[in-house]
Each structure stands twice: as structure tokens, then as C-alpha cells.
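Participant: Everything below, folded, please.
(one chain, ligands or ions: 1)
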Amino acid sequence: MLLKMIGKLNPHRIQITRYSVRFFASNIKENHEKVNFNSISAAYGYKSNRELFRGWFVFKLCSYSSLVDRLSQLLPISRKILGQQLFEYIIRSTLYGHFVAGTNKAELKPIVDRLRKQNVKLILDYSMESDVPSNKQEKFESSVLHHSNENTYNDNMLKSIKNVQTAAELFGSSAITAVKMTAFVSPDILQKLNRILEAEHQSSTKNTILETASNTSIISKGELEELEHLITRMNRIVQEVKKHNGRIFIDAEQSYFQTAIHKFVLELQEQYNRDSLTVYNTYQCYRKTTLNLLRQDLIRSKNNNFHIGIKLVRGAYMDQERQLAIAMKSIDPIHPNFLTTTECYHRAFIEALKHAKEKNTTKTHVIVASHNEDTVQFATKTMDAMHVKRGDGLVSFATLFGMCDYLTFPLAAVGYDAFKLAPYGPISSLLPYLIRRAQENRAIFAKAEKDRRLHYKALKERI
Ligand SMILES: Cc1cc2nc3c(=O)[nH]c(=O)nc-3n(C[C@H](O)[C@H](O)[C@H](O)COP(=O)(O)OP(=O)(O)OC[C@H]3O[C@@H](n4cnc5c(N)ncnc54)[C@H](O)[C@@H]3O)c2cc1C
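Facilitator: Numbers count the residues shown, from 1 in each chain. Coordinates of the predicted model:
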């Protein structure tokens, strides 16, 4: 009966009712083996007492709003006062140690081995990104420059290629890496291209990105060359992924880049996802346009015969997007509230899974990248209702390293395909990432509170 209900839902109806989401989440009982999201032994069994204490301490720190709010000012001041060595020691013993998997392959290896025993794999992310200068977080020292700097972008490409090789050495053909496209091109040019593509999208031409950029006088000859370099860099990275039979997730970023990033990834998918699923796009469900975009891409994958990798996220830049919309007096691109974002996420999951189940010649793989317990439960229950088995290779689950182990490890323990997205690299380049993690864990207090409580309970049980 549930399957009939899912089948009856018109996939082209943009407006979905809250009832459909609640219906799937609450009525599916058959086949569903309950995953215990409160199991301390499943979630933290792999951690040492020291790591448990550090986890509890870090979540406690994140609960002090006044401290988290001032972190981007406090960190550089502390470095000046304490000196580089002591500063690094303190950060390594706290935020970095908890949220980052290490500096290099040697440090990653023991973590990979421990997690493998729990059936959990890592998605490796050698953290690099950039933004237009108005972004406050990026005012803190970042590993990349804000203005055009070809050497930096080439260097970032080489680091990404090395990341792909490291992942292949650690995981073989199941290696997955993640990148942000803003690490490989000037943010100003990407933003400019984004505006052009958004305008072009309204007139629905079918040009490639390079054709569109070449056909406009807004992009100068020099900028066009930089775009060609970006395309070369992305191709070289994906070719390295292909060489090792791995997969690559390309992150979604701010809306003033995202139309361009999304289209770039689609072009890479058309090129490289013919014989195997290599390139994954990211769908930010907090954006009003996402469900339609996903539908168009699913049709395109079927018609143009390429495999499609779909990473579903809520989205990480909401505050920035809203502030920008107010400042620019433009329409807010984000759903009005958390419930509508969740509806979009759940609807997107149903539609992607329906597509994955169809007997197409192309493969579809959905990554539920979320720390939200209700969303994870919704996904597992919907899988049951649609008779999708854990080992079918259609759905995987992912959370960030250091967050919500109580979701990932119990899922892996009962046979779901489960990942932690693990950033790694030198402390200096990961400080902006650490500030964002602290802020996120302050914002999602209930979840951080559960993480902290379970860390404390696990520690208490051991002592
Ligand atoms: C493996 C992985 C990869 C990721 N990759 C990306 C990526 O490429 N790009 C990216 O942008 N993000 C990415 N994220 C981040 C993800 O978007 C964040 O985890 C997200 O901000 C939190 O959503 P959640 O599903 O974990 O659920 P929750 O933590 O339960 O979501 C709560 C958050 O949703 C926010 N929210 C979203 N929409 C609304 C709304 N309309 N109104 C009010 N609040 C809203 C709230 O502020 C709150 O902070 C990734 C996450 C993971 C785990």
C-alpha cells in the first residue's frame, strides 16, 4: 500500500504536503529493523577514553555562544600571545583533534583502520576553498588567496590530485574524495559567470559553459582563459579519480557561485559518468529551486545516458544567503523555514530513490548527507517501503568527522553504507573550517547536546 502511495505521488508536483512526509515517516513498519541511535557502544566503542573526554570538552566549549561568536577574533589573538607552538598544541588537543582526521596520510591511516573495523569509511577532503572578500569567515587567514592567482589554483589542483592518490592508497577502488570548486578559480570570475548563466538559464539555451562565456562581451579574454584553466584543472582531477576507479563529490557553495558550479558538475558527469559513476553533484535542499533542478537532472541523465551521483544536503550558508538577499533587496533563495527545507529534502530523496529503482541503463546513487536523526530515519523507512535493501548500492549515509557518530556507527553496524566526511591538512588552513564547525554545533544545540551527553555517558561507563 505504501509503495502504491509513493507511486501515485506526481513527481512533477512542486508543492508537497506535510502529510506525505509525515505519512512515510510514521507508517512504515514492515521490514524496518530499528537502528539504535542511542547506542553508546556502537557510536563510541572505537574511541579511547582520552578521545571521549576531548569530544565531551569540545561540545561543552561549543555550547558557550559568547565564546563561539568571538572565535574568529580570539584565535589570531591567542596565536600572537601564546606563540605558534603552544597555540597549535592547544588547537590540536581540542577543536582540530576532534573535527579533523589529521595532517597527512600517516596520521589518517590508524583512523582509517579503526573505522574500517566498524564498517565506516572516510570521504577524504583536503580542505581548500575561497570566497569573495565580503565573507566575514574568510577574512581569517585561508589557504587560498581571494584574488586571481593562477599559481595558487594550480597548487590547489596538485593538492587535490595528491588527495585522490592518498584516498586510493587507503581505500582502493572504494575511495571517495570531496572538493570545492572555488579552490581552483578566482571567486570574482566564478561569480560573474554565475550571473551570466542565471540570465541564460531563463532563455533556456543549450550551450556549454565555455560557449556561453565565449559568446558574451561581459567576460574578458583574460577571464575566459582563466575559465579554460578551471576546466583543465577539474578535468585533471577527475581523470586522476577515474585512473584509480574512485569517486569524487563536488560540494555546493553559495548561491552566487552555485548555478555555475552545478552546471560545471553536470558537464563533468556527462563526460565521465558514462561507464562508471565517478562524479557526484550536491543538491542544497534549503534552496527553493533545488527540487526542480534535481528533476531536470534526473531526466537529463536518462536521456543523455550518464550515471548520476546525488549528494543531498540541507545547506551550509543559510545566514549568509539571507543577509545577502536583504542587502541586495533580492528574493531570498532559501525556503522560508526549517519544515519546508525538510519537506524538500524528503521529497528529493523519494524522487531520487524512485529514479534509482527504475530499470534504466544508467545508475543512480543517493547520498543522505545529514546530521538530522529524523531525516536519516525517514530515509531508512522509505528504503524499506520501496523495498530497497541496505546492500543494494542505491543509498549511502554520511556525516561530518567529529559529529553525530551516534547516527553513522549504528547505521554501519546493521549494514547500511556509512561514511564520515573527513577534512585533513595543516592546522593553519583548517582554522576557518573549525570556526564553522564550532558555530554549527552552537546553532544546532539539541544535536550537539546529544553528542555531548552521549560522550559523557560513554566516559562514565568506562571509568
Ligand atoms: C557529508 C556532508 C557533506 C556536506 N556537503 C555540503 C555541501 O557540499 N554544501 C553545503 O552547503 N552543505 C554541505 N553539508 C552541510 C549540511 O548542509 C549541513 O550539515 C547542514 O547545514 C545541516 O543540515 P542537516 O541535514 O545536518 O540537519 P540539521 O542539522 O538538523 O539542520 C539544522 C540546520 O538547518 C538549518 N536550516 C536549513 N534550512 C532552513 C530554513 N529554511 N529555515 C531555517 N533553518 C534552516 C538550520 O539553521 C539548522 O542549522 C554537508 C554535510 C555533510 C554531512
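
Participant: for the stretch 101-250 of the chain, what spans make up the helices?
Facilitator: Taking DSSP state H, counting those that start in this stretch to define them, one finds helices in the stretch 101-250 of the chain at 105-117, 150-171, 187-203, 209-214, 221-243.

Participant: Packing partners of the third one?
Facilitator: Just to be clear, that refers to helix 187-203. In terms of contacts (3 or more C-beta pairs under 8 Å, 6 or more residues apart in numbering; DSSP states H and E), helix 187-203 is packed against helix 209-214, helix 221-243, helix 255-272. For glycine as for every other residue, the C-beta is placed from the backbone atoms N, C-alpha and C.

Participant: thinking again about what came up before, which among the helices of the stretch 101-250 of the chain is found nearest to residue 455?
Facilitator: helix 105-117 (16.8 Å; C-beta to C-beta).

Participant: quick one, phi psi at residue 401?
Facilitator: phi -60, psi 130 (degrees, to the nearest 10).

Participant: what are the ranges of the strands in the stretch 251-400 of the chain?
Facilitator: Taking DSSP state E, counting those that start in this stretch, the strands of the stretch 251-400 of the chain run over residues 279-284, 308-313, 364-369, 395-400.

Participant: about what we covered before: any chance of a markdown table for the helices and strands packed on helix 187-203, columns mean neighbour count, mean pLDDT and distance to the ligand?
Facilitator: Shown next, in a markdown table, are the helices and strands packed on helix 187-203 (neighbours: other C-beta atoms under 10 Å; pLDDT from 0 to 100; distance: least, C-beta to the nearest ligand atom, whole Å):
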| stretch | mean neighbour count | mean pLDDT | distance to the ligand |
| --- | --- | --- | --- |
| helix 209-214 | 16 | 92 | 19 |
| helix 221-243 | 17 | 96 | 16 |
| helix 255-272 | 22 | 97 | 9 |
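
Participant: in terms of contact, does residue 119 touch residue 411 like I think?
Facilitator: No. If you go by C-beta atoms under 8 Å, residue 119 and residue 411 don't touch, sitting 9.1 Å apart.

Participant: the more surrounded of the two?
Facilitator: Using other C-beta atoms under 10 Å as the criterion, residue 119 and residue 411 rank with residue 411 on top: 26 against 16.

Participant: pLDDT on the host helix or strand of the more buried one, on average?
Facilitator: Following DSSP states H and E, the helix or strand that holds residue 411 is helix 405-413. Mean pLDDT, computed over helix 405-413, is 96.

Participant: With stretch 453-463 instead?
Facilitator: If you average the pLDDT values across stretch 453-463, you get 87.

Participant: can you pull the buried residues of that stretch?
Facilitator: 454-456, 458-459 (16 or more other C-beta atoms under 10 Å).

Participant: With distance to residue 35 and secondary structure as added columns, please give those residues in CSV.
Facilitator: Below are those laid out as CSV (distance: C-beta to C-beta, whole Å; DSSP: H, G, I helix; E, B strand; the rest coil):
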residue, distance to residue 35, secondary structure
454, 15, helix
455, 19, helix
456, 22, helix
458, 18, helix
459, 23, helix
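
Participant: for the residues you listed, which one is nearest the ligand?
Facilitator: The shortest gap between the ligand and any of these belongs to residue 454, at 16.2 Å (C-beta to the nearest ligand atom).

Participant: my read: the closest one touches residue 44, true?
Facilitator: Yes. Between residue 454 and residue 44 a contact is recorded at 6.9 Å, counting by C-beta under 8 Å.

Participant: okay, which residue is most central for the protein?
Facilitator: Computing the C-alpha centroid of the chain and ranking residues by C-alpha atoms, centre = their mean puts residue 251 first, at 5.6 Å.

Participant: Local confidence estimate at that residue?
Facilitator: Predicted confidence (pLDDT) for residue 251: 96.
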